[in-house]
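K.L.:
What follows is a predicted structure for the sequence shown.
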Amino acid sequence: MISYVSGIVEYVDTEKVVVDNHGIGISVFMTNDDLSVIGEGEEVKLHTYFNVKEDAMQLYGFLNRENLEMFKLLLTVNKVGPKIALGILSTCPGDMLKMSIVSGDSKTIASSPGVGAKTAERIVLELKDKIEIEGVEDFVPENSSADSSLSNDVVDALVELGYSKSEAISAVKRIDETDDMSVEDMLKKALMLIG
């Protein structure tokens, strides 16, 4: 119903922003990342989702359409409402969430407020086939196939050390792998990148 809201930021609160649109203050709930980059007096355009409940009507807004689409996708999962979806996107913004879903990393998703292990697993299971792979391949290692078991071993080792699978994949992706590298060499480099 309301596709976007544009106007001047009246004030920023802990979980929402009030946008002045021709003399009307519109309250919009946003992720922590989006709230941190806007300030009072700035002109903004927020892509919105209008949620109507029995006792409230609320707007959820995003600075880019990709996060809005991920928000809507999260809402298709059973027992994931707008507050939980917004919390997930605050903890795992856009591409990080896509990578977590595609790689089956429910642990990273479960670190979001109000999300337990079962809900995180349900999100991965239900959305894995719905995520657009385009753009995510930049985050998933090209060498995740059988031709680089070295990278897979390093990812597995990092996961065993307590890092999430998406953190491990991201670190391994940034390492320039050479033919003479051992698992230990790559693991040291990955730990330096994460730490």
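P.N.:
Cool, got the structure.

K.L.:
and stretch 163-181, how far apart are its ends?
P.N.:
Distance across stretch 163-181, first residue to last, is 22 Å (Cα to Cα, to the nearest Å).

K.L.:
Which positions within that stretch qualify as buried?
P.N.:
For stretch 163-181, the neighbour count (16 or more other Cβ atoms under 10 Å) marks 163-173, 175, 177, 181 as buried. The C-beta positions use only the backbone N, C-alpha and C, and glycine is treated the same way.

K.L.:
so where is this protein shaky, pLDDT-wise?
P.N.:
132-148 (pLDDT under 70).

K.L.:
So the closest residue to Leu158 other than its chain neighbours: helix, strand or coil?
P.N.:
In this structure, Leu158 finds its nearest non-sequential neighbour in Ala168, 3.6 Å apart by Cβ to Cβ, 6 or more residues apart in numbering. Classification of Ala168 by DSSP: H, G, I helix; E, B strand; the rest coil places it in helix.

K.L.:
Isn't Ala168 up against Val159?
P.N.:
Yes - proximity of Ala168 to Val159 meets the contact threshold set by Cβ atoms under 8 Å, at 5.5 Å.

K.L.:
Can you show me the strands along the protein?
P.N.:
Taking DSSP state E as the criterion, the chain contains strands spanning 4-12, 16-21, 24-29, 43-52, 57-62.

K.L.:
Could you measure from Lys107 over to Val124?
P.N.:
Lys107 sits 10 Å away from Val124, going by Cβ to Cβ, to the nearest Å.

K.L.:
The two: which has the busier surroundings?
P.N.:
Val124 (22 against 19; other Cβ atoms under 10 Å).

K.L.:
List the contacts of the more buried one.
P.N.:
100-101, 104-106, 109 (Cβ atoms under 8 Å, 6 or more residues apart in numbering).
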